[in-house]
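Visitor: From the sequence below, what's the structure:
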Amino acid sequence: MKDRFLIGLALLIACQSNRATSETNKNAGLDEGCSFDEAAKSDSELFSFNEKTYRKEDLPFEIQDRLFELETEQYEKMTTIYREFALRTDLAQKKKGTGEPLPPLEELLPAVSVADKELKRFYEENKLRLPQHSSFDSIKEQLRRYLESKKKAEQAQEEMKRLATSNKLKVMVAQPIAPKAELVLTGYPAKGSPDLPYTLVEVSDYLCPHCQQVQADVEKALRDYRDQLHFVQLNFSLNLVGPSGTLIRGAYCAQQQGDEKFWRYHEQMFEFQARNNTEHTHAEKADHPHHERDADSLKQMDVIAEKIGLKMDAFKSCVDSQTARDAVAKTNAMLKGIGLRGTPTFYLDGRKLVFGDKSLSEVLAEKLGK
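Guide: The predicted structure follows:
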């Protein structure tokens with residue numbers, strides 16, 4: 001926490017110093033924001049060690065990426081505070097409230113109630129996720145408070161959307177800019193011409209639940225931006241020697257028999273994983289071993305390979321080969337070298353995309369102007 005405070009303070013001082021020397025900003029006041037990128041440029045020497053002075057660009061890429069994530073976290077927290085203040089002010093004005101102090105947000109939102117029938121339905125639908133031996137009557141009031149808070153949060157989210165579309169609020173602090181990663185993309189499966197204006201890279205793992213969930217949005221984005229996006233798929237194994245690595249070697253070996261085979265393997269593997277996760281959710285709550293799901297995935301790899309028409313002897317030989325292991329390990333090493341720590345991760349022209357509570361389509365709309 002202390003480190004984050006000091007970094008934030010340094011950025012703020014640099015930002016203010018930059019403003020003080022800018023006649024334009026003096027005249028414009030808050031109309032022109034100061035970004036973290038500008039702050040870094042205004043005082044580019046960050047620290048010295050063993051008589052060597054370091055700038056951001058002197059640091060290893062993975063350190064630059066960690067700094068970017070820290071700056072982004074601070075930016076998101078600041079803008080959340082700004083938006084909540086603006087929303088509270090807007091709602092208070094609608095209620096003819098002009099006095100101080102400004103009421104808390106929950107007091108400005110409409111009252112909510114949760115009927116017993118709704119509580120009972122929620123209890124039955126989520127019984128396996130609740131503490132064992134919890135009767136409905138014993139946790140009824142806890143469930144009521146939870147669902148009331150959830151409804152309040154949904155109300156706040158809808159009001160935030162309304163405020164955003166009203167154009168009343170303009171956040172002037174610029175979003176941090178991600179460092180540009182040098183990704184070697186030659187030979188990886190791709191869609192769209194490499195001559196298109198932008199290159200979007202997805203990094204995923206077949207056993208990653210969120211990767212499975214985001215695939216529909218990826219397909220939508222590729223349809224909506226087919227005239228702008230060259231799309232490249234990279235697979236990152238969270239466990240090279242486990243089922244994750246094997247499934248990714250399967251994708252690599254499918255590509256050896258043609259890009260079209262890769263895409264069919266890729267899509268069907270994610271479709272299967274989504275179904276498999278759902279089917280095993282209740283089983284795992286009943287203490288079924290987690291490895292059963294992974295075993296099902298490995299069996300399905302051969303089923304999918306046969307279904308899409310791969311030459312099975314060549315496919316199986318490839319999956320077990322050192323060539324496939326080396327290819328997957330090489331991709332992992334490249335991605336770890338740019339600080340990748342989880343999936344899914346997306347890069348637009350080499351810069352990591354930050355989603356917050358937005359979808360891929362919404363983030364691309366902001367970046368590409370649709």
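
Visitor: contacts, neighbours, all on C-alpha from now
Guide: Will do.

Visitor: what stretches of this structure score poorly on pLDDT?
Guide: 1-43, 97-99, 278-293, 370 (pLDDT under 70).

Visitor: Outline the domain layout of it.
Guide: 2-90, 110-166, 190-368 (automatic domain parsing).

Visitor: State the distance spanning the first to the last residue of the last one.
Guide: It stands for domain 190-368. Domain 190-368 has its terminal residues 20 Å apart, counting by CA to CA, to the nearest Å.

Visitor: same thing with the second one?
Guide: According to CA to CA, domain 110-166 extends 20 Å from its N-terminal end residue to its C-terminal end residue.

Visitor: picking that back up, which among the domains of the chain is found nearest to residue 101?
Guide: Closest approach to residue 101 among the domains of the chain (CA to CA): domain 2-90, 10.7 Å.

Visitor: Touching, residue 147 and residue 114? I think so.
Guide: Yes: at 7.0 Å, residue 147 counts as touching residue 114 under the criterion of CA atoms under 8 Å.

Visitor: Counting neighbours, go ahead and name the busier of the two.
Guide: For residue 147 versus residue 114, neighbours defined as other CA atoms under 10 Å are more numerous around residue 147 (18 against 14).

Visitor: The more buried one: which element?
Guide: helix 136-166 (DSSP states H and E).

Visitor: What residues of that helix count as buried?
Guide: Burial within helix 136-166, assessed by neighbour count using 16 or more other CA atoms under 10 Å, is assigned to 140, 143, 144, 147, 148, 151, 152, 155, 156, 159, 160, 163.

Visitor: Can you name the next helix or strand after that helix?
Guide: strand 190-191.

Visitor: Tell me the helices and strands packed up against that next one.
Guide: strand 229-235 (3 or more CA pairs under 8 Å, 6 or more residues apart in numbering; DSSP states H and E).

Visitor: The strand it packs on pairs with which strands?
Guide: strand 190-191 (antiparallel), strand 198-204 (parallel) (DSSP bridges).

Visitor: how about those strands, which one is nearest residue 183?
Guide: Short answer: strand 198-204, nearest of the strands paired with strand 229-235 by CA to CA, at 9.3 Å.

Visitor: Give me the contacts around the closest one.
Guide: For strand 198-204, contacts defined as CA atoms under 8 Å, 6 or more residues apart in numbering pick out 211, 228-236, 343-350.

Visitor: repeat that for 6 Å
Guide: 211, 228-236, 343-349 (CA atoms under 6 Å, 6 or more residues apart in numbering).

Visitor: Now do it: distance to the chain's middle.
Guide: Distance of strand 198-204 from the chain centroid (CA atoms, centre = their mean, to the nearest Å) equals 13 Å.

Visitor: buried set for the longest helix anywhere in the chain?
Guide: Determined from DSSP state H, the single longest helix within the chain is helix 61-94. For helix 61-94, the neighbour count (16+ other CA under 10 Å) marks 61-62, 64-72, 74-75, 83, 86-92 as buried.

Visitor: Could you list every helix and strand that the following helix or strand past it packs against?
Guide: Later in the chain than helix 61-94, the nearest helix or strand by DSSP H and E is helix 105-108. On a contact count with 3 or more CA pairs under 6 Å, 6 or more residues apart in numbering; DSSP states H and E, helix 105-108 meets no helix or strand.

Visitor: What ranges does the stretch 201-350 of the chain have for its strands?
Guide: 229-235, 345-348 (DSSP state E, counting those that start in this stretch).

Visitor: now those strands in CSV, with mean neighbour count and distance to residue 248?
Guide: Output for the strands of the stretch 201-350 of the chain, formatted as CSV (neighbours: other CA atoms under 10 Å; distance: least, CA to CA, whole Å):
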stretch, mean neighbour count, distance to residue 248
strand 229-235, 22, 7
strand 345-348, 19, 16
